[in-house]
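>>> I'll drop the sequence and a predicted model, then ask my questions.
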Amino acid sequence: IKVVILQNFRWDNELNNLKPFMVRNDVLDYSFDNGTNLFDGGNEFRRFDLKSLKFLSEKVREITFDDTMFYVRLWETEKRTYKEYVIDDDINGKFLLKTDDEPTVANYGEYAVVKFFLAFDAPIVEGNLYVAGGFNNWQYTKANKMDYNFKRKGYEASILFKQGYYNYQYVLLPNNSKTGDVTWVEGTHSETRNSYTVLVYHRQRGELSDELISAGKFESGK
């Protein structure tokens, strides 16, 4: 039996190879109290609404068009590491493709380059910053990497999105690591509501691969 736990559908910080704390007949107990199966709480997700490119939504400062492409500039954001926790109705990093401007998003939805800016006094030497979430499957690539602008004193990125509603966070990918750290910019709070997915795999004797035999989804704070 192999148990894998995901937080907000991320694979880069999965908990795997967990061993049961206790085995009682046919019950495998994973109720650790030593931190083995704990995630950082993180923070509620940031968001922006691109369902319409005709009107400015709450997080959108400007929409322009240059005959070939829409450009959407979000309001400037700041580090939340030491700010108080504020409850927010996010969708735990997911996204929804939708347009309010046309009948369907599949055939008529537009694309837009979204411009992010995060105020930061100096460049980070511990790693690189990325804009990440379900929209890019929590990947850390050149397409969503942020660059430091010394003149504006902050990190910025321009990323292509299709019309819809998006959650995201600023994630630090430490040097020589494949696991992103959301606490560096976003902070972490025990009150934060997150989605957790528990996957249970079993490998039959003599088989070369694992079989998914059970899956469960749980929401913290509910």
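All right, it came through fine.

>>> most distant residue from the centre of this protein?
Computed with CA atoms, centre = their mean, the residue of the chain farthest from its C-alpha average is residue 25, at 38.6 Å.

>>> pull up the gap between that one and residue 74, please.
55 Å (CB to CB, to the nearest Å). (C-beta placed from N, C-alpha, C; glycine too.)

>>> mind listing the helices for the protein?
105-108, 183-186 (DSSP state H).

>>> distance between the last one and the chain's centre?
Translated: helix 183-186. In terms of CA atoms, centre = their mean, to the nearest Å, the centre of helix 183-186 is set 12 Å apart from its chain centre.

>>> which residues sit against that helix?
With CB atoms under 8 Å, 6 or more residues apart in numbering as the test, helix 183-186 has contacts from 40, 42-43, 79-81, 118, 124, 126, 129, 169-172.

>>> and of the helices of the chain, who's closest to residue 146?
helix 183-186 (10.1 Å; CB to CB).

>>> for that closest one, give the mean pLDDT please.
Helix 183-186 comes out with an average pLDDT of 97.

>>> over to stretch 120-130?
96.

>>> in it, what's buried?
120, 124, 127, 128, 129, 130 (16 or more other CB atoms under 10 Å).

>>> ok, so of those, who is nearest residue 93?
residue 130 (13.3 Å).

>>> could you list the buried residues of stretch 207-222?
Under 16+ other CB under 10 Å, stretch 207-222 has no buried positions.

>>> actually, stretch 132-150.
132, 133, 134, 135, 136, 138, 140, 144, 145, 146, 148.

>>> switch these over to a markdown table; also include distance to residue 179.
A markdown table is the format used below for these (distance: CB to CB, whole Å):
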| residue | distance to residue 179 |
| --- | --- |
| 132 | 12 |
| 133 | 16 |
| 134 | 17 |
| 135 | 19 |
| 136 | 16 |
| 138 | 10 |
| 140 | 10 |
| 144 | 16 |
| 145 | 16 |
| 146 | 18 |
| 148 | 22 |
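
>>> tell me which two in those are the farthest apart.
134 and 148 (25.6 Å).

>>> please name the nearest non-neighbouring residue to residue 59.
Distances taken as CB to CB, 6 or more residues apart in numbering place residue 48 nearest to residue 59, at 4.3 Å, with adjacent residues excluded.

>>> from residue 57, how far off is the one you found?
7 Å.

>>> gap between residue 143 and residue 38?
31 Å.

>>> in this protein, which strand has the most residues?
strand 164-174 (DSSP state E).

>>> which parts of it are buried?
Here strand 164-174 shows 164, 165, 166, 167, 168, 169, 170, 171, 172, 173 as buried, counting by 16+ other CB under 10 Å.

>>> again with stretch 28-47
39, 40, 41, 42, 43, 44, 45, 46, 47.

>>> pLDDT and distance to residue 207 for the residues you listed - can I get that in CSV?
Output for those, formatted as CSV (pLDDT from 0 to 100; distance: CB to CB, whole Å):
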residue, pLDDT, distance to residue 207
39, 92, 30
40, 93, 35
41, 94, 37
42, 96, 36
43, 97, 41
44, 97, 42
45, 98, 39
46, 98, 43
47, 97, 43
